[in-house]
Every structure is written in C-alpha cells, then in structure tokens.
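>>> just need the structure, nothing else, for what follows:
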Amino acid sequence: DEYVDENNPVRAIDSYVDSIDLVALGIFTCNGGSEGQPAYHPALLLKIYLYGYLNSIRSSRKLERELKRNVEMMWLCMGLTPGYKTIANFRKDNPSVLKQLFRDFVILCRSVDLIDGEVVAIDGAFLRANASKNQLISEKMTRKDMESVDEKITEYLSSLEYSDTCENKEITPVVKKQSLNRLKKHKLKLSSNLQTLKEHNATQYCRSDPDATLMRKPAHHLMAYNTQIAVDGKYKFIVATDISSKGVDLDQLYPMAIQAKDAIGNEKMKVAADAGYYNPKEIKKCVDEGIDVYVPIADKQKKQKDKGKFTRDAFLYDEDKDCYHCPNHEILKRRKTIYEKNGIKRFMYSNSNSTCKSCPLRSQCLPDITPAKRLWRWEHEALMDAHRTKMQTSKARNMIKQRAALAEHPFGTIKQKLGWSHFLMRGKTKVAGENALIMLTYNFRRLLNLIGIKLFQKLIKASKSGNIEDIRQEIAEYIAVLDFFKAFFRQKMSLYI
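Residues are numbered from 1 along each chain as shown. Model prediction:
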C-alpha cells in the first residue's frame, strides 16, 4: 500500500468501481445455481480495463502481463492474476453493461452540474475495424475480376485451337503456361463471392467482420466504423456515443441529438454539427423534438456557379401565390405532387416549354436538351428556408466555430494522446460495447483532470450515500478557484508577450 500514494489514479478507479452496483447491471448474480459463478469478480475485470484504457493498454495479453509486473495493477487487483482469456471475455460478453456504465457516468457528472446541455456539438470519425481489406468482397471488383478471368480462359482456348490447326510447326504460337483448371477454380471462387453478396443483400461484405465497411478518406481507404459522439459545451464531456456502419453522417443527426437530450435532460438544448450532417429530414425531426439545430448548408450548387448557370437561390418562392419567380420574371406554377418511397412529399413547379424556349436567359438556366425549367419543393421547405436564414446570423457562425473547438478536442485526445485509433472487437454489437468503454474512459480521465482525485473520491462517497448537495457546492468552488488562477496567470503571461 505504501507504493501507491494518495493521489494515484488507481485509487480513483478502485473507489469508482466499488461504488457500482454490478448486480443491478446483471453481470454478477449469486443465485446458487449449479452452473457456478465466474472465477473472478467482474469488478476486478472492470478495474483492469479502466486502468488499461487510461494507460493505452487494451490488449488482454498485455494486461495479463501488467498484472504480474506493474505495482499499481498489483495493488488495484490485490495480487490476483486472471488469464488473458478471462480478461478478453469480459469485454466481449458485456457490451450492454459497458454502454450502461457510460450512461451512468454521464448522469453522475450531470448530478454535480458539470454538464448543462446548453450547447452540444456532434461529430463523427472513422476508427479502424479489426478487419482486413484483403477479406473484403466487393461486387464491383468481383464482376471486374470475372470478366478478366473469362477473357483469359477464352484467350487460352483460342491459342490452343490455333496451335492444333497450325500446319507449319515452326511458326506454331507459343501457348501461355497457364492452367485452365486454375482459372476455372478462380472463377468458381468469384461466383461464390457473388452468391455471398446476394445472400446478404449487400454490395460489399467483409469475411473477418461482416459489420465493418470500407470507408473512404482523402488519403486512403480503410475498413472502419463511423464513431459518433455528442460533446457537452461546459467541460467537454461526451454525453452520447454510438457507432455506424455507414461512411456518411447524413442520418446521424437526429439519433445523436435525441440520445444527448435524453442523457442531459435539457429541453432547450442547442445542437451544432458540421455540413456532413445536413439532411432536411433529420433537421425537421430535431425541430419537432424542440431541439435548436445549427448545421451549415451543404453547397451542392458550386458546379452550377462555376459554369455561370443560375442556382436555385435565383428562383424566388412566393408563398401567397404558391409559385416561383425566375430571373426573367416569369412564373413557375405548381404542376404535380409526388410521393417518394421514403414518405417524402414533393411538389413540382415548372414553366411552359414555349416560354423557356424563347427566354433570352435560357443559356444561363437550362441545358440545350431540356425543354423547360423544373423545380422540386419539399412539403416542409418553409422550415428549411427558416433554417437557411438562421444560419446566416452571427450567432450561427459563432456556434459553428464553437462546435469545432468542442467536438474535435475529444477525438484528438482519443486518437493521438491515448492511441485509440482502432477497435479490437468484431461485430457491431461488441464494437459498440468497446466504443462505450473508450468514451467512458475519456470521461473518467476528463473528470480526474478537472476536479482531482481526492475530490473525485468524495464525489463517489456522496453519490453512494445520496448526499450530493454538499459535494456539488464544493466542486463548484474548487473549479471557480481554479478558473481564477488560470485567468490570473494567463493575464500575467500576456504582459510578457
């Protein structure tokens, strides 16, 4: 005990895990059944993982090794040394428990006003999956390889046929030393791959991790999961997290916003995200839930501008007459209504062919083969018009700047400082559990840095006893004093610059 001082983080880990009701989480029950109990208490395994993730040690084999040589781990685990398989199984078998632990820790931080939910920033990042690109089956590449194999087989057979019919043996073409059986075997494998894609109704499938997908970055492609986080603006705690198998964020705004709202409990929450989340349907869902959304509008008309063509903004909507006015002051009337498969209702506005044909601005408006201008309007387009107007305000611009400072900070810490740039688990359910463990560890580290270990231990005791009011006031005073000294030293340093 003398080798672990009072300010060592392992004491905070020990206090936190001992305060958790693991029976309520359903991972340790003493029901006297004939199946017996785990060889090691889950609290011990959770302590091992929290220590390991805080110190960038995630491999179960490396954790097993640390148990036998690391003094802090020996103290934390009281000399017990579970094997790597036991350690690995805990993370693999308890994804739902890990997600609940993350949510409970967010509630703990909220209970002492470290999370207010005034501003929440949403962002996503690709974290590498435990899967190889060599195990990926792509429909496009498979069909391309099939065509190549068919060509080689045809070429080989044609070469053999010509060789048999050639009378002058001196000019007999040299047949390539390719094995026809090998080519046919390769073709059967490609056909099997296409059948696998058909069975899974997918255009790509990874054998080592079927839930992982090939995601594209400017520099390279990688097998990955799209990790989503929602970060509170007060002290940069992660309040919500999830993973997606899609390489885009278009359908992630509402799920993350509503998850953050449920965790925070603030009905007046403001959410900021980057242009990759711009999706009118998602924005409308958030507005319906009373969430104030700030998402930059994706510029999809740049090509039109570069060609000198009129963009959609040049056509003004008249709400009273339900029509559009074009740059030549002609009227585009509503012609028909369509219902798309996803339930979206759109209205089509157009002008007559003769009017557009004789328009002096036609070259700036339409391609040569298009007879008349058509515009499509969503039934809730008025909501998006209000959103566009809001995004032009200085408040919205400040929110977007604040979003970058909030959301990029956790991912920078997670990837660069802690080295968590990839997952070790396979399968979406297990990866979601590991992702929750990563974000829980980040919040744990953030809280220790904010209030210190001794105050953290007091918080855990107060939370267990139900007496939160006193510790809430003590934490607020501690942070206020800390902020005062930071501001004081910042002001002093500015005098020497």
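
>>> what about this protein, any weak spots by pLDDT?
1, 28-38, 160, 162-179, 495-497 (pLDDT under 70).

>>> okay, strands next: where are they in it?
119-128, 136-138, 204-206, 213-216, 221-232, 238-244, 270-272, 292-294, 316-318, 323-325, 331-339, 345-350, 374-378 (DSSP state E).

>>> mind saving the C-alpha coords of the fourth one as CSV?
As requested, C-alpha coordinates have been extracted for strand 213-216 and formatted as CSV (Å, rounded to 0.1, in the frame of the first residue of the first chain):
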residue,chain,number,x,y,z
THR,A,213,-17.4,-1.4,-44.2
LEU,A,214,-14.9,0.2,-46.5
MET,A,215,-14.8,3.9,-45.7
ARG,A,216,-13.1,6.5,-47.8
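
>>> please tell me how far stretch 226-238 is from the chain's geometric centre.
12 Å (CA atoms, centre = their mean, to the nearest Å).

>>> make a markdown table from the strands of the chain and add distance to Pro255 to it.
C-beta coordinates here come from the backbone N, C-alpha and C atoms, glycine included. Output for those, formatted as a markdown table (distance: least, CB to CB, whole Å):
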| stretch | distance to Pro255 |
| --- | --- |
| strand 119-128 | 10 |
| strand 136-138 | 27 |
| strand 204-206 | 23 |
| strand 213-216 | 18 |
| strand 221-232 | 8 |
| strand 238-244 | 7 |
| strand 270-272 | 12 |
| strand 292-294 | 13 |
| strand 316-318 | 31 |
| strand 323-325 | 34 |
| strand 331-339 | 25 |
| strand 345-350 | 23 |
| strand 374-378 | 21 |
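
>>> could you dump those into TSV with distance to Asp104 and mean neighbour count added?
Below are the strands of the chain laid out as TSV (distance: least, CB to CB, whole Å; neighbours: other CB atoms under 10 Å):
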stretch	distance to Asp104	mean neighbour count
strand 119-128	19	23
strand 136-138	37	19
strand 204-206	33	19
strand 213-216	31	18
strand 221-232	16	24
strand 238-244	12	24
strand 270-272	23	24
strand 292-294	27	21
strand 316-318	49	13
strand 323-325	53	17
strand 331-339	44	13
strand 345-350	42	16
strand 374-378	40	15
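
>>> out of these, which gets nearest to Lys184?
The closest of the strands of the chain to Lys184 is strand 136-138. By CB to CB, the value is 19.4 Å.

>>> touching that closest one from outside, list them.
Asn193, Thr196, Leu197, Thr203, Gln204, Tyr205, Cys206, Arg207, Leu214, Met223 (CB atoms under 8 Å, 6 or more residues apart in numbering).

>>> what is the nearest of those residues to Lys152?
Closest to Lys152, out of all of those and judged by CB to CB, is Asn193, at 17.7 Å.

>>> what's the distance between the closest one and Ile137?
Distance of Asn193 to Ile137, computed by CB to CB, to the nearest Å: 5 Å.

>>> Tyr278 too?
Tyr278 is 32 Å from Ile137, where distance means CB to CB.

>>> Asn435: neighbour count?
26 (other CB atoms under 10 Å).

>>> who's the residue lying closest to it once chain neighbours are set aside bridged to?
Of all residues not flanking Asn435 in the chain, Ile243 sits nearest, at 5.2 Å (CB to CB, 6 or more residues apart in numbering). Counting by DSSP bridges, Ile243 is bridged to Thr227.

>>> what residues of stretch 386-402 count as buried?
Within stretch 386-402, the residues that count as buried by 16 or more other CB atoms under 10 Å are His387, Met391, Ala396, Met399, Ile400, Gln402.

>>> restricting to C-alpha, output that stretch in CSV.
Extracted in CSV, the C-alpha atoms of stretch 386-402 (Å, rounded to 0.1, in the frame of the first residue of the first chain):
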residue,chain,number,x,y,z
ALA,A,386,-36.1,29.4,-41.9
HIS,A,387,-33.0,27.3,-41.2
ARG,A,388,-31.1,29.0,-44.0
THR,A,389,-32.0,32.4,-42.7
LYS,A,390,-30.9,31.4,-39.2
MET,A,391,-27.5,30.0,-40.5
GLN,A,392,-26.7,33.5,-41.9
THR,A,393,-26.7,35.1,-38.5
SER,A,394,-23.6,35.9,-36.4
LYS,A,395,-25.0,33.6,-33.6
ALA,A,396,-25.0,30.6,-36.0
ARG,A,397,-21.5,31.4,-37.2
ASN,A,398,-20.3,31.5,-33.6
MET,A,399,-22.0,28.2,-32.9
ILE,A,400,-20.2,26.5,-35.8
LYS,A,401,-16.8,27.9,-34.6
GLN,A,402,-17.7,26.6,-31.1
